[in-house]
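Asks: okay, sequence plus prediction incoming.
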Amino acid sequence: MLWMKHHGIINVANSVLNSVDLDQTVAHLMVTVRNDGYVRGYAECAHHVTNALKVDWDTSKSATCGVDTGAEHAAAKEEYNNLHLPVMDLVTAALQSDNFVAQLKEVFLDEADDDEDLE
């Protein structure tokens, strides 16, 4: 259990936090939220200009005209919320074992060899 305290929990956290799948999903989510915020901000600004100047502000030439960034952002959120990391399947299977520490040492083999005295 000492290995679990000093290495196991850290290895699981690092595997999740350093996952390429997680990085890509979060990066995509950030891009979609930024784009959606830009489109919504532009629409709100155009609305205020229309009200303040009492003119119809032409947004048809805007790069955001007709772009459904909300749907793309919703899809990115759904992708993030349903993200599946393969390492978690290995951890779940190991934790169901009678000797879960030995199973986790196999999953995180490189880290387990560093401190054999932590038994």
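Replies: Great, that's in hand.
Asks: please make it C-alpha for all contacts and neighbour counts, starting now.
Replies: Noted.
Asks: quick one, what contacts the residue nearest the centre of the chain?
Replies: Residue closest to the mean C-alpha point of the chain, counted by C-alpha atoms, centre = their mean, is residue 26 at 3.4 Å. By C-alpha atoms under 8 Å, 6 or more residues apart in numbering, the residues touching residue 26 are residue 80.
Asks: show me which residues of the helix or strand hosting it are buried.
Replies: Using DSSP states H and E, residue 26 maps to helix 20-53. For helix 20-53, burial by neighbour count (16 or more other C-alpha atoms under 10 Å) applies to 21-22, 25-26, 28-29, 32-33, 35-36, 39, 42-43, 46.
Asks: buried residues, the helix or strand where residue 14 lies. List them.
Replies: In this assignment (DSSP H and E), residue 14 forms part of helix 9-17. For helix 9-17, the neighbour count (16+ other C-alpha under 10 Å) marks 11-12, 15-16 as buried.
Asks: and the angle from that helix to helix 20-53?
Replies: 50 degrees (axes from the mean of the first three to the mean of the last three C-alpha atoms, to 10 degrees).
Asks: how far does helix 9-17 sit from the chain's center?
Replies: 15 Å (C-alpha atoms, centre = their mean, to the nearest Å).
Asks: mind listing residues that contact it?
Replies: 22, 85, 87, 91, 108, 111.
Asks: of all those, which comes closest to residue 2?
Replies: Of all the contacts of helix 9-17, residue 111 has the smallest distance to residue 2: 13.5 Å, by C-alpha to C-alpha.
Asks: below-threshold pLDDT in this structure: ranges please.
Replies: 110-119 (pLDDT under 70).
Asks: tell me how it divides into domains.
Replies: For the chain, automatic domain parsing gives the domain ranges 1-19+85-111, 20-83.
Asks: can you tell me the distance between the two ends of the last one?
Replies: For domain 20-83, the first and last residues are 12 Å from each other (C-alpha to C-alpha, to the nearest Å).
Asks: now do stretch 56-73
Replies: OK, stretch 56-73 end separation, C-alpha to C-alpha: 28 Å.
Asks: next, the buried residues of that stretch.
Replies: By neighbour count on 16+ other C-alpha under 10 Å, the buried set for stretch 56-73 is 64, 69-70, 72-73.
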